[in-house]
Structure formats: structure tokens, C-alpha cells
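Predicted model, plus sequence, below.
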Amino acid sequence: MSERVSNAPVALTTFDNPFSPFTQFNEWFVWDSTHGYNTCGYLARIARTSSQLTDEENNAEVERAIDEIISLDFMNIYRKIRADEQILS
């Protein structure tokens with residue numbers, strides 16, 4: 001399992017999306033959808049979150065799922081970003 005570098009929330013995005021899923025979610029989502037990625041749906045299928053888990057457990061599960069998606073991403077489409085990271089357009 002990967003070690004967290006910071007406590008900042010993480011998100012899954014694509015290499016070519018110029019928007020931040022943290023601060024520009026609507027623009028990010030439109031870009032993602034119109035380019036056919038459906039990143040939110042993909043992450044939802046992989047992450048085993050539950051209302052029975054704490055927020056911390058769900059966040060850890062989302063990060064685990066992001067790491068799994070990236071490890072299987074042979075086309076290098078996806079990347080994990082942290083909320084405190086700057087998106088470079």
C-alpha cells in the first residue's frame with residue numbers, strides 16, 4: 001500500500017484535463033465527460049466505499065482505488081493529484 005505524503009485529499013484525473021476536480025469540479029467534469037473518460041464512474045466501480053465506514057476509511061479506500069486504477073493504466077491516462085497540488089494547464 002502506498003504511503004501518504006500529506007493529509008490532503010486526493011482525486012483521480014486525466015493527464016490532459018486542465019481543470020482541478022477540487023476547485024473547478026463542474027469544468028473538470030464537463031471536460032472529462034466530453035472526452036469520454038467517465039472518471040467518476042470508473043472510480044465508483046473500483047472503490048469499495050460504504051456508509052458503514054468512517055470518512056477516514058472511505059477516503060483511504062478511494063485512495064487505494066485510485067492507486068489500483070493507476071497501476072493498471074497501461075496507456076498512462078490517469079494521475080493522482082492532491083488538493084494542495086497546483087494544476088498546470
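On my side now, so go ahead. Numbers count the residues shown, from 1 in each chain.

for Lys80, phi and psi?
Note on Lys80: its backbone torsions stand at phi -100, psi 130 [degrees, to the nearest 10].

For the most centrally placed residue in the chain, give its distance to Leu43.
In the chain, the C-alpha nearest the mean C-alpha coordinate belongs to Leu12, at 1.7 Å (CA atoms, centre = their mean). Note on Leu12: its distance to Leu43, by CB to CB, to the nearest Å, is 5 Å. All C-beta spots, glycine's among them, are computed from the backbone N, C-alpha and C.

which residues do the two both contact?
Ile66, Ile69 (CB atoms under 8 Å, 6 or more residues apart in numbering).

any idea of the pLDDT on the closest residue to the residue nearest to the centre of the chain other than its chain neighbours?
Counting by CB to CB, 6 or more residues apart in numbering, Leu12 lies nearest to Ile66, which is 4.7 Å off, once chain neighbours are set aside. According to the prediction, Ile66 has pLDDT 98.

which ones are touching Ile66?
With CB under 8 Å, 6+ apart, Ile66 has these contacts: Val10, Ala11, Leu12, Leu43, Tyr78, Lys80.

Please identify which of those is nearest to Phe22.
Ala11 (6.3 Å; CB to CB).

Which elements pack onto the helix or strand containing the closest one?
Using DSSP states H and E, Ala11 falls within strand 10-14. On a contact count with 3 or more CB pairs under 8 Å, 6 or more residues apart in numbering; DSSP states H and E, strand 10-14 meets helix 25-34, helix 39-46, helix 55-71, strand 78-82.

report the angle between the axes of the shortest one and strand 10-14?
Okay, so that is strand 78-82. 150 degrees (axes from the mean of the first three to the mean of the last three CA atoms, to 10 degrees).

Buried residues, strand 78-82. List them.
Tyr78, Ile81 (16 or more other CB atoms under 10 Å).

tell me the mean pLDDT over that strand?
96.

Counting by contacts, list what it packs against.
strand 10-14, helix 55-71.
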